[in-house]
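just coords:
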């Protein structure tokens, strides 16, 4: 059973000696202004400058000295017209940065169906301008709206000794910020130094090597990919705009991490964070929690939503495939049941259907989930490790479906099995 995120973060240990970062050959993105477009690769001079600044992450001791902390603002800094160079300069957190103790106005949150990121833990936070409110959207799949000036914070960190889960030591690799501006959402990444005292803006992307102890007690190297600035759009882009992921009713409608036993949305509403009246949260959509609670169908659909639907939906990168994996999809054929792939090649594994009911071993979906081959694997980026627990869930879900003779199904009219419908 995981301890609360706050407790986990407070036990972060400095593990720099066990970790090292290396340069990536991926190209850098651009856009110095927070309000600048991020898709076109502009601002390459700034990108190069920030890449060289990220030498602060090399273990040279250039990170902030946390033994004597300077006075810190009592609220985060949200007024800078351009991205700040160091994460600490935003004052999102008080005390040593690695402890991640939220400053006033910084709200921790969690989601029902998180995205797999090569065994990473994630710290999620929202900060809005004073008096700002979240505007809910009735559709459980669609993003809530945040006021201009808001920032969504997500930190990726790893348990380096997996023989004692949730006890550390931990290594923080990166913190991603999504800025809500008048011109849309802008993404920035901050790379943590070896001493775990500071994170510096980094746009070029890189790979980090971590020495971890696996569940079997054996020491092994794990490589982790920090995507470059432009790659953020691969998951967050829809209809040529960047979107939040996870800030939806069905993802947020769950118990609070801060006050276990209390509903997260109810706490936010009582704190004045939400515009309007949500009503009874028990009547609002909520995804099942994969591996934790809910029916097999509900957990599998929630897993696919959290890990695949940001691409597999209308207007997103894989929308043209016709394989739509939102948890709200009710058409079995769109969900992949008895649906043939839109293109041949290594990604099909010579299999004929995305999902062949009753037969995970003959279905393309688990075949691609099980692979780490860049020509085959799903998700395409940036994962380097297959999610074995997620794979087992999807295989069990497909195996439990009543078998259907897919060659007798009229494609485009639904598979008729009904096994994939609903949440």
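That came through, no problem. Computed from a predicted structure; not experimentally measured.

Residue 129: what secondary structure?
coil (DSSP: H, G, I helix; E, B strand; the rest coil).

What is the neighbour count of it?
Neighbour count for residue 129, taken as other CB atoms under 10 Å: 18. Using the backbone N, CA and C atoms, a C-beta is placed for each residue, glycine as well.

so what's it up against?
By CB atoms under 8 Å, 6 or more residues apart in numbering, the contact list for residue 129 reads 78, 147-150.

Which stretches in the stretch 151-300 of the chain count as strands?
Applying DSSP state E, counting those that start in this stretch to the stretch 151-300 of the chain gives strands spanning 151-159, 170-181, 184-192, 199-201, 206-213, 219-226, 237-238, 241-242.

can you tell me which of those comes nearest to residue 270?
strand 151-159 (21.4 Å; CB to CB).

Compute the inter-axis angle for that closest one and strand 219-226.
Put simply, strand 151-159 runs at 160 degrees to strand 219-226, going by axes from the mean of the first three to the mean of the last three CA atoms, to 10 degrees.

tell me which strands and helices strand 151-159 is in contact with?
strand 121-127, strand 170-181, strand 206-213, strand 219-226 (3 or more CB pairs under 8 Å, 6 or more residues apart in numbering; DSSP states H and E).

rewinding a little: okay if I get the contacts of residue 129 as TSV plus distance to residue 162?
Formatted as TSV, these follow (distance: CB to CB, whole Å):
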residue	distance to residue 162
78	37
147	40
148	41
149	39
150	35
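
Most neighbours among those residues, which one?
residue 150 (21 neighbours).

circling back: mind checking which of the helices and strands packed on strand 151-159 is nearest residue 266?
Nearest of the helices and strands packed on strand 151-159 (CB to CB): strand 121-127, 16.1 Å.

strands paired with that closest one, and their directions?
strand 106-109 (antiparallel), strand 151-159 (antiparallel) (DSSP bridges).

spatially speaking, which residue is in the middle of this structure?
Residue closest to the mean C-alpha point of the chain, counted by CA atoms, centre = their mean, is residue 115 at 4.8 Å.

that older thread, adding mean neighbour count, mean pLDDT and distance to residue 300, write the helices and strands packed on strand 151-159 out as CSV.
Shown next, in CSV, are the helices and strands packed on strand 151-159 (neighbours: other CB atoms under 10 Å; pLDDT from 0 to 100; distance: least, CB to CB, whole Å):
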stretch, mean neighbour count, mean pLDDT, distance to residue 300
strand 121-127, 21, 96, 21
strand 170-181, 22, 95, 27
strand 206-213, 18, 94, 28
strand 219-226, 16, 94, 26
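
quick one, which of those strands is nearest to residue 290?
For the helices and strands packed on strand 151-159, proximity to residue 290 was assessed by CB to CB; strand 121-127 is nearest, at 14.7 Å.

chain center to the closest one, what's the gap?
10 Å (CA atoms, centre = their mean, to the nearest Å).

next one: stretch 256-272
On the basis of CA atoms, centre = their mean, stretch 256-272 is displaced by 22 Å from the centre of the chain it belongs to.

Stretch 157-176 now?
Using CA atoms, centre = their mean, the offset of stretch 157-176 from its chain centre is 16 Å.

Do me a favour and get the end-to-end distance for it?
From its first residue to its last, stretch 157-176 covers 12 Å (CA to CA, to the nearest Å).

picking up where we left off before, closest to residue 104 among the contacts of residue 129?
residue 78 (12.2 Å).

residues contacting the closest one?
90, 127, 129, 149-151.

Determine the three-state secondary structure at it.
Secondary structure state of residue 78, per three-state DSSP, is coil.

tell me the pLDDT at it?
Looking at residue 78, its pLDDT is 93.

how close does it sit to residue 267?
The spacing between residue 78 and residue 267, counted by CB to CB, to the nearest Å, is 22 Å.

Tally up the residues packed near residue 297, please.
For residue 297, the neighbour count with other CB under 10 Å is 17.

what's the helix or strand for the nearest residue to residue 347 once chain neighbours are set aside?
Closest residue to residue 347 apart from its sequence neighbours, by CB to CB, 6 or more residues apart in numbering: residue 376 at 5.2 Å. Using DSSP states H and E, residue 376 maps to neither a helix nor a strand.

Mind pulling up the pLDDT for residue 376?
Residue 376 is assigned a pLDDT of 90 by the prediction.

And it, how far from residue 366?
Residue 376 is 12 Å from residue 366, by CB to CB.

For the two, indicate the residue with more neighbours.
Neighbour count, other CB under 10 Å: between residue 376 and residue 366, residue 366 has more, with 26 against 18.

OK, contacts around residue 158?
Per CB under 8 Å, 6+ apart, neighbours of residue 158: 119-121, 170-171, 173, 210, 212, 222, 224.
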